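Novice: Whatever this is, show me its structure:
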Amino acid sequence: MEARFTTFQTISAKACPIYLKLKYQQTKRRQETLEIQKQKRNCQVNERRHLKNNAHSHSMEIDWKKNETIVPNLESYELATSMMNSEWMLEKPEDIENWIAVLCPEGKRCCVIAQDNKTKSVNKYGTSLFHFPSLFPYGCHLPNNCPSHRKRTVLDCIYNFKIKKFYILDIIEWMGVPYTDFDAEFRFYFIQSKLSEIPGINEKSLKNTYPFELAPRMRTSELYIHLMEKNQYFHDHVELDGINFYYPESMYTPGDSPLMLWLKIFMIPEILHKPINDQLEQLYRPSNYVNIFEYIQNTKKKSRKNRRKKSTSSSCDTMEVDSMIEVEPEKDPAIGNDMCMEN
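Specialist: Prediction:
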(Lines give C-alpha, C1' and ligand atoms only; values in the text may rest on other atoms or scores of the structure.)
Protein backbone atom coordinates (compact mmCIF):
# COMPACT_ATOMS: atom_id res chain seq x y z
CA MET A 1 0.00 0.00 0.00
CA GLU A 2 2.78 2.43 0.98
CA ALA A 3 4.81 1.79 -2.15
CA ARG A 4 1.80 2.39 -4.28
CA PHE A 5 1.37 5.94 -3.02
CA THR A 6 4.98 7.10 -2.76
CA THR A 7 4.48 9.85 -5.36
CA PHE A 8 1.65 12.32 -5.68
CA GLN A 9 -0.33 12.68 -8.86
CA THR A 10 -1.77 15.87 -10.29
CA ILE A 11 -5.02 16.27 -12.16
CA SER A 12 -5.68 18.29 -15.26
CA ALA A 13 -8.68 20.54 -15.85
CA LYS A 14 -11.68 18.33 -16.63
CA ALA A 15 -14.03 20.97 -18.00
CA CYS A 16 -13.92 23.39 -20.90
CA PRO A 17 -13.14 26.96 -19.69
CA ILE A 18 -15.69 28.46 -22.09
CA TYR A 19 -18.42 26.15 -20.84
CA LEU A 20 -17.52 26.91 -17.22
CA LYS A 21 -17.62 30.65 -17.92
CA LEU A 22 -21.09 30.44 -19.48
CA LYS A 23 -22.32 28.17 -16.70
CA TYR A 24 -20.89 30.54 -14.11
CA GLN A 25 -22.62 33.55 -15.68
CA GLN A 26 -25.97 31.72 -15.68
CA THR A 27 -25.52 30.73 -12.05
CA LYS A 28 -24.46 34.28 -11.18
CA ARG A 29 -27.66 35.80 -12.57
CA ARG A 30 -29.79 33.15 -10.90
CA GLN A 31 -28.10 33.56 -7.53
CA GLU A 32 -28.46 37.35 -7.66
CA THR A 33 -32.22 37.07 -8.23
CA LEU A 34 -32.71 34.42 -5.55
CA GLU A 35 -30.58 36.30 -3.04
CA ILE A 36 -32.56 39.53 -3.49
CA GLN A 37 -35.79 37.63 -2.89
CA LYS A 38 -34.30 35.88 0.11
CA GLN A 39 -33.02 39.11 1.65
CA LYS A 40 -36.44 40.73 1.38
CA ARG A 41 -38.10 37.81 3.14
CA ASN A 42 -35.40 37.61 5.82
CA CYS A 43 -35.62 41.34 6.56
CA GLN A 44 -39.37 41.06 7.07
CA VAL A 45 -39.06 38.03 9.33
CA ASN A 46 -36.11 39.41 11.28
CA GLU A 47 -37.88 42.70 11.95
CA ARG A 48 -40.97 40.90 13.13
CA ARG A 49 -39.19 38.50 15.44
CA HIS A 50 -36.47 40.90 16.66
CA LEU A 51 -33.63 38.59 15.71
CA LYS A 52 -31.11 41.36 16.21
CA ASN A 53 -31.09 40.57 19.95
CA ASN A 54 -30.33 36.88 19.49
CA ALA A 55 -27.39 35.07 21.04
CA HIS A 56 -23.91 36.35 20.18
CA SER A 57 -22.97 33.23 18.25
CA HIS A 58 -25.91 33.62 15.88
CA SER A 59 -25.20 37.31 15.46
CA MET A 60 -21.63 36.56 14.38
CA GLU A 61 -22.84 34.08 11.75
CA ILE A 62 -25.43 36.54 10.42
CA ASP A 63 -22.73 39.22 10.16
CA TRP A 64 -20.47 36.84 8.27
CA LYS A 65 -23.30 36.07 5.89
CA LYS A 66 -23.87 39.77 5.20
CA ASN A 67 -20.19 40.28 4.49
CA GLU A 68 -19.97 37.33 2.11
CA THR A 69 -19.85 37.69 -1.64
CA ILE A 70 -23.30 36.65 -2.82
CA VAL A 71 -22.11 35.68 -6.27
CA PRO A 72 -19.83 32.62 -6.32
CA ASN A 73 -16.32 33.09 -7.68
CA LEU A 74 -15.18 30.80 -10.45
CA GLU A 75 -12.77 28.85 -8.24
CA SER A 76 -15.45 28.01 -5.66
CA TYR A 77 -17.94 27.18 -8.40
CA GLU A 78 -15.53 24.72 -10.03
CA LEU A 79 -14.89 22.99 -6.70
CA ALA A 80 -18.54 22.81 -5.70
CA THR A 81 -19.69 21.44 -9.05
CA SER A 82 -16.89 18.84 -9.07
CA MET A 83 -18.14 17.15 -5.90
CA MET A 84 -18.96 13.44 -6.15
CA ASN A 85 -22.60 12.50 -5.60
CA SER A 86 -24.11 9.17 -4.70
CA GLU A 87 -26.70 7.13 -6.56
CA TRP A 88 -29.49 5.09 -4.97
CA MET A 89 -28.54 1.48 -4.31
CA LEU A 90 -31.37 -0.27 -6.13
CA GLU A 91 -29.81 -3.72 -5.97
CA LYS A 92 -27.12 -5.37 -3.89
CA PRO A 93 -23.58 -5.36 -5.37
CA GLU A 94 -21.94 -8.78 -5.27
CA ASP A 95 -18.96 -7.63 -3.17
CA ILE A 96 -20.82 -5.13 -0.97
CA GLU A 97 -19.32 -6.64 2.21
CA ASN A 98 -15.94 -5.19 1.18
CA TRP A 99 -17.30 -1.70 0.43
CA ILE A 100 -16.77 1.10 2.96
CA ALA A 101 -19.92 2.29 4.71
CA VAL A 102 -19.85 5.96 5.80
CA LEU A 103 -22.58 7.01 8.24
CA CYS A 104 -23.99 10.41 7.28
CA PRO A 105 -25.66 12.66 9.89
CA GLU A 106 -28.52 15.00 9.15
CA GLY A 107 -27.23 18.27 7.81
CA LYS A 108 -26.20 20.31 4.78
CA ARG A 109 -23.77 18.91 2.23
CA CYS A 110 -21.04 21.45 1.57
CA CYS A 111 -17.47 21.98 0.43
CA VAL A 112 -15.04 23.42 3.02
CA ILE A 113 -12.05 25.35 1.65
CA ALA A 114 -9.09 26.45 3.83
CA GLN A 115 -6.99 29.00 1.95
CA ASP A 116 -5.22 32.34 2.47
CA ASN A 117 -5.41 31.99 6.27
CA LYS A 118 -9.19 31.70 6.34
CA THR A 119 -11.77 28.99 5.86
CA LYS A 120 -15.09 29.11 4.06
CA SER A 121 -17.99 26.79 3.45
CA VAL A 122 -19.67 26.81 0.03
CA ASN A 123 -22.88 25.15 -1.16
CA LYS A 124 -23.30 23.02 -4.28
CA TYR A 125 -23.61 26.18 -6.43
CA GLY A 126 -20.29 27.57 -5.20
CA THR A 127 -21.89 30.37 -3.17
CA SER A 128 -20.09 31.08 0.11
CA LEU A 129 -22.21 30.31 3.13
CA PHE A 130 -19.86 31.89 5.67
CA HIS A 131 -16.21 32.49 6.56
CA PHE A 132 -14.60 31.27 9.77
CA PRO A 133 -11.17 30.34 11.14
CA SER A 134 -10.13 26.69 11.35
CA LEU A 135 -6.99 24.81 12.37
CA PHE A 136 -6.51 23.26 8.96
CA PRO A 137 -3.35 24.33 7.10
CA TYR A 138 -3.81 27.94 5.94
CA GLY A 139 -7.26 27.97 7.57
CA CYS A 140 -6.55 30.73 10.10
CA HIS A 141 -3.95 33.31 11.13
CA LEU A 142 -1.11 31.52 12.91
CA PRO A 143 2.55 32.62 13.37
CA ASN A 144 3.85 29.80 11.13
CA ASN A 145 1.21 30.35 8.43
CA CYS A 146 2.05 32.36 5.33
CA PRO A 147 -0.86 33.17 3.00
CA SER A 148 -0.57 31.19 -0.20
CA HIS A 149 -3.37 31.26 -2.75
CA ARG A 150 -1.99 28.17 -4.45
CA LYS A 151 -2.03 26.06 -1.29
CA ARG A 152 -5.43 25.08 -0.03
CA THR A 153 -7.24 22.25 1.72
CA VAL A 154 -10.62 21.17 0.33
CA LEU A 155 -12.94 18.78 2.17
CA ASP A 156 -16.29 17.19 1.34
CA CYS A 157 -18.41 17.68 4.46
CA ILE A 158 -21.84 17.70 6.08
CA TYR A 159 -22.68 20.60 8.40
CA ASN A 160 -25.08 19.82 11.24
CA PHE A 161 -27.20 22.79 12.29
CA LYS A 162 -28.18 21.61 15.75
CA ILE A 163 -24.70 21.27 17.22
CA LYS A 164 -22.90 23.52 14.68
CA LYS A 165 -20.37 20.89 13.67
CA PHE A 166 -18.80 19.66 10.44
CA TYR A 167 -18.60 15.94 9.68
CA ILE A 168 -15.98 15.09 7.07
CA LEU A 169 -17.02 12.64 4.36
CA ASP A 170 -14.03 12.79 2.03
CA ILE A 171 -10.93 14.73 1.06
CA ILE A 172 -10.53 16.53 -2.26
CA GLU A 173 -7.29 18.45 -1.75
CA TRP A 174 -4.68 18.89 1.00
CA MET A 175 -2.23 21.82 0.98
CA GLY A 176 -2.49 22.17 -2.78
CA VAL A 177 -2.11 18.45 -3.54
CA PRO A 178 -5.25 16.91 -5.13
CA TYR A 179 -6.33 13.48 -3.88
CA THR A 180 -9.12 12.83 -6.36
CA ASP A 181 -6.94 10.33 -8.26
CA PHE A 182 -6.36 8.18 -5.18
CA ASP A 183 -8.78 5.42 -4.24
CA ALA A 184 -11.32 5.80 -1.44
CA GLU A 185 -9.51 3.44 0.91
CA PHE A 186 -6.35 5.54 0.82
CA ARG A 187 -8.21 8.87 0.96
CA PHE A 188 -10.03 7.81 4.13
CA TYR A 189 -6.80 6.59 5.73
CA PHE A 190 -5.01 9.81 4.79
CA ILE A 191 -7.61 12.23 6.16
CA GLN A 192 -7.91 10.24 9.38
CA SER A 193 -4.14 10.40 9.92
CA LYS A 194 -4.06 14.14 9.16
CA LEU A 195 -6.89 14.90 11.59
CA SER A 196 -5.00 13.07 14.34
CA GLU A 197 -2.07 15.45 13.76
CA ILE A 198 -4.16 18.60 14.40
CA PRO A 199 -4.80 19.06 18.15
CA GLY A 200 -8.10 20.80 18.88
CA ILE A 201 -9.64 20.30 15.43
CA ASN A 202 -12.62 18.55 17.03
CA GLU A 203 -13.21 21.35 19.55
CA LYS A 204 -14.58 24.88 19.31
CA SER A 205 -12.04 27.66 19.92
CA LEU A 206 -11.03 31.14 18.75
CA LYS A 207 -8.89 29.63 16.00
CA ASN A 208 -11.39 26.85 15.23
CA THR A 209 -14.92 28.25 15.27
CA TYR A 210 -16.58 24.96 14.29
CA PRO A 211 -15.47 21.49 15.40
CA PHE A 212 -14.58 18.97 12.69
CA GLU A 213 -15.01 15.23 13.01
CA LEU A 214 -14.57 12.35 10.59
CA ALA A 215 -17.93 10.75 9.84
CA PRO A 216 -17.93 7.15 11.19
CA ARG A 217 -16.91 4.55 8.62
CA MET A 218 -16.35 0.81 8.51
CA ARG A 219 -16.51 -2.20 6.22
CA THR A 220 -20.07 -3.16 5.31
CA SER A 221 -19.49 -6.58 6.88
CA GLU A 222 -18.80 -4.80 10.19
CA LEU A 223 -21.80 -2.49 9.74
CA TYR A 224 -24.25 -5.37 10.03
CA ILE A 225 -23.19 -5.99 13.65
CA HIS A 226 -23.74 -2.33 14.56
CA LEU A 227 -27.17 -2.35 12.96
CA MET A 228 -28.24 -5.04 15.40
CA GLU A 229 -26.56 -3.61 18.50
CA LYS A 230 -26.63 0.20 18.30
CA ASN A 231 -29.39 2.81 18.02
CA GLN A 232 -27.31 6.00 18.13
CA TYR A 233 -24.25 6.62 15.97
CA PHE A 234 -23.46 10.26 16.78
CA HIS A 235 -23.02 12.28 19.95
CA ASP A 236 -25.41 14.98 21.15
CA HIS A 237 -28.44 13.12 19.73
CA VAL A 238 -27.58 13.92 16.11
CA GLU A 239 -29.83 11.84 13.87
CA LEU A 240 -28.57 9.52 11.15
CA ASP A 241 -29.67 10.61 7.67
CA GLY A 242 -28.40 7.61 5.72
CA ILE A 243 -25.37 5.59 4.66
CA ASN A 244 -22.97 6.15 1.77
CA PHE A 245 -21.32 2.99 0.44
CA TYR A 246 -17.95 3.59 -1.28
CA TYR A 247 -16.27 1.05 -3.51
CA PRO A 248 -12.76 0.84 -1.94
CA GLU A 249 -10.90 1.37 -5.23
CA SER A 250 -13.10 4.21 -6.50
CA MET A 251 -11.55 7.56 -7.37
CA TYR A 252 -13.22 10.86 -6.46
CA THR A 253 -15.05 11.75 -9.68
CA PRO A 254 -17.40 14.71 -10.34
CA GLY A 255 -21.15 14.13 -10.49
CA ASP A 256 -23.20 11.01 -9.82
CA SER A 257 -21.10 7.88 -9.33
CA PRO A 258 -22.24 4.22 -9.36
CA LEU A 259 -19.27 3.53 -7.08
CA MET A 260 -20.82 5.63 -4.32
CA LEU A 261 -24.25 4.29 -3.37
CA TRP A 262 -26.82 5.65 -0.92
CA LEU A 263 -29.37 3.98 1.36
CA LYS A 264 -31.61 5.05 4.19
CA ILE A 265 -31.07 2.80 7.18
CA PHE A 266 -34.58 1.29 7.03
CA MET A 267 -33.82 0.12 3.47
CA ILE A 268 -31.03 -2.23 4.63
CA PRO A 269 -33.30 -5.31 5.06
CA GLU A 270 -34.90 -4.75 1.66
CA ILE A 271 -31.74 -4.19 -0.40
CA LEU A 272 -28.93 -5.87 1.54
CA HIS A 273 -31.14 -8.58 3.08
CA LYS A 274 -29.72 -7.97 6.55
CA PRO A 275 -31.79 -7.27 9.68
CA ILE A 276 -31.65 -4.12 11.79
CA ASN A 277 -32.79 -3.89 15.40
CA ASP A 278 -36.42 -3.05 16.12
CA GLN A 279 -35.68 0.32 17.72
CA LEU A 280 -33.82 1.53 14.64
CA GLU A 281 -36.66 0.46 12.39
CA GLN A 282 -39.27 2.19 14.56
CA LEU A 283 -37.15 5.35 14.75
CA TYR A 284 -36.41 5.81 11.04
CA ARG A 285 -38.91 3.83 8.96
CA PRO A 286 -41.84 5.97 7.72
CA SER A 287 -45.26 4.56 8.55
CA ASN A 288 -46.30 4.65 4.88
CA TYR A 289 -43.10 3.10 3.51
CA VAL A 290 -43.71 0.45 0.82
CA ASN A 291 -40.43 0.00 -1.04
CA ILE A 292 -37.40 1.95 -2.22
CA PHE A 293 -38.81 2.66 -5.69
CA GLU A 294 -41.98 4.25 -4.37
CA TYR A 295 -39.97 6.15 -1.77
CA ILE A 296 -37.73 7.65 -4.50
CA GLN A 297 -40.75 8.67 -6.58
CA ASN A 298 -42.44 10.30 -3.57
CA THR A 299 -39.22 12.12 -2.73
CA LYS A 300 -38.98 13.51 -6.28
CA LYS A 301 -42.62 14.63 -6.18
CA LYS A 302 -42.09 16.32 -2.83
CA SER A 303 -38.97 18.06 -4.14
CA ARG A 304 -40.83 19.40 -7.19
CA LYS A 305 -43.70 20.55 -4.97
CA ASN A 306 -41.30 22.39 -2.66
CA ARG A 307 -39.66 24.11 -5.62
CA ARG A 308 -43.03 25.27 -6.90
CA LYS A 309 -43.96 26.45 -3.43
CA LYS A 310 -40.75 28.44 -3.11
CA SER A 311 -41.28 29.94 -6.54
CA THR A 312 -44.82 30.98 -5.59
CA SER A 313 -43.80 32.36 -2.20
CA SER A 314 -41.18 34.62 -3.79
CA SER A 315 -43.95 36.59 -5.51
CA CYS A 316 -46.19 36.93 -2.44
CA ASP A 317 -46.73 40.26 -0.69
CA THR A 318 -45.50 41.08 2.80
CA MET A 319 -48.47 39.66 4.72
CA GLU A 320 -48.34 36.38 2.81
CA VAL A 321 -44.62 36.02 3.37
CA ASP A 322 -44.99 36.67 7.07
CA SER A 323 -47.65 34.00 7.36
CA MET A 324 -45.64 31.40 5.46
CA ILE A 325 -42.13 31.75 6.89
CA GLU A 326 -41.30 30.53 10.36
CA VAL A 327 -37.85 31.01 11.87
CA GLU A 328 -36.81 27.95 13.86
CA PRO A 329 -34.18 28.88 16.47
CA GLU A 330 -32.53 25.47 16.55
CA LYS A 331 -31.54 25.80 12.91
CA ASP A 332 -28.61 27.86 11.76
CA PRO A 333 -29.81 31.18 10.26
CA ALA A 334 -26.54 31.63 8.43
CA ILE A 335 -27.22 28.67 6.20
CA GLY A 336 -30.92 28.01 6.00
CA ASN A 337 -33.57 25.54 7.01
CA ASP A 338 -32.48 22.54 4.98
CA MET A 339 -31.90 19.73 7.48
CA CYS A 340 -31.27 16.86 5.10
CA MET A 341 -28.15 15.91 3.24
CA GLU A 342 -28.13 17.12 -0.35
CA ASN A 343 -26.24 15.02 -2.87
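Novice: Now residue 160, what are its backbone angles?
Specialist: phi -90, psi 130 (degrees, to the nearest 10).
Novice: okay, it: pLDDT?
Specialist: Residue 160 carries a pLDDT value of 95.
Novice: which outside residues touch stretch 265-285?
Specialist: 89-92, 96, 220, 224, 227-231, 240, 242-243, 263-264, 286, 289, 291-292, 295 (C-beta atoms under 8 Å, 6 or more residues apart in numbering). To be clear about C-beta, it is placed using only N, CA and C from the backbone, and glycine gets the same treatment.
Novice: ends of that stretch, how far apart?
Specialist: 8 Å (C-alpha to C-alpha, to the nearest Å).
Novice: Now do the buried residues in that stretch.
Specialist: For stretch 265-285, a neighbour-count test (16 or more other C-beta atoms under 10 Å) marks 265, 266, 267, 268, 271, 272, 274, 276, 280, 281, 284 as buried.
Novice: And stretch 74-91, by the same measure?
Specialist: Going by neighbour count (16+ other C-beta under 10 Å), the buried part of stretch 74-91 is 76-86, 88-89.
Novice: In strands only, show me those residues.
Specialist: 84, 85, 86, 88 (DSSP state E).
Novice: contacting residues for the first one?
Specialist: If a contact means C-beta under 8 Å, 6+ apart, then residue 84 has 156, 170, 252, 253, 254, 255, 257, 260 as its contacts.
Novice: a markdown table for those residues, including secondary structure and neighbour count?
Specialist: What follows is the contacts of residue 84, written out as a markdown table (DSSP: H, G, I helix; E, B strand; the rest coil; neighbours: other C-beta atoms under 10 Å):
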| residue | secondary structure | neighbour count |
| --- | --- | --- |
| 156 | strand | 20 |
| 170 | strand | 23 |
| 252 | coil | 25 |
| 253 | coil | 16 |
| 254 | coil | 14 |
| 255 | strand | 9 |
| 257 | strand | 17 |
| 260 | strand | 25 |
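Novice: List just the nearest of the buried residues of stretch 265-285 to residue 122.
Specialist: Distances from residue 122 to the buried residues of stretch 265-285, taken as C-beta to C-beta, are shortest for residue 265 (28.4 Å).
Novice: pLDDT value on the closest one, please?
Specialist: 95.
Novice: What of residue 342?
Specialist: pLDDT, residue 342: 50.
Novice: One more: residue 232?
Specialist: Residue 232 is given a pLDDT of 83.
Novice: I'd like to know how many residues surround it.
Specialist: By the criterion of other C-beta atoms under 10 Å, residue 232 has 13 neighbours.
Novice: What of residue 259?
Specialist: Residue 259, neighbours per other C-beta under 10 Å, totals 20.
Novice: Residue 176 now?
Specialist: 17.
Novice: can I get the ones in strands among the buried residues of stretch 74-91 in CSV with distance to residue 121 and pLDDT?
Specialist: Shown next, in CSV, are those (distance: C-beta to C-beta, whole Å; pLDDT from 0 to 100):
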residue, distance to residue 121, pLDDT
84, 18, 96
85, 18, 95
86, 20, 96
88, 26, 97
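Novice: Between these, which sits nearest residue 117?
Specialist: residue 84 (27.8 Å).
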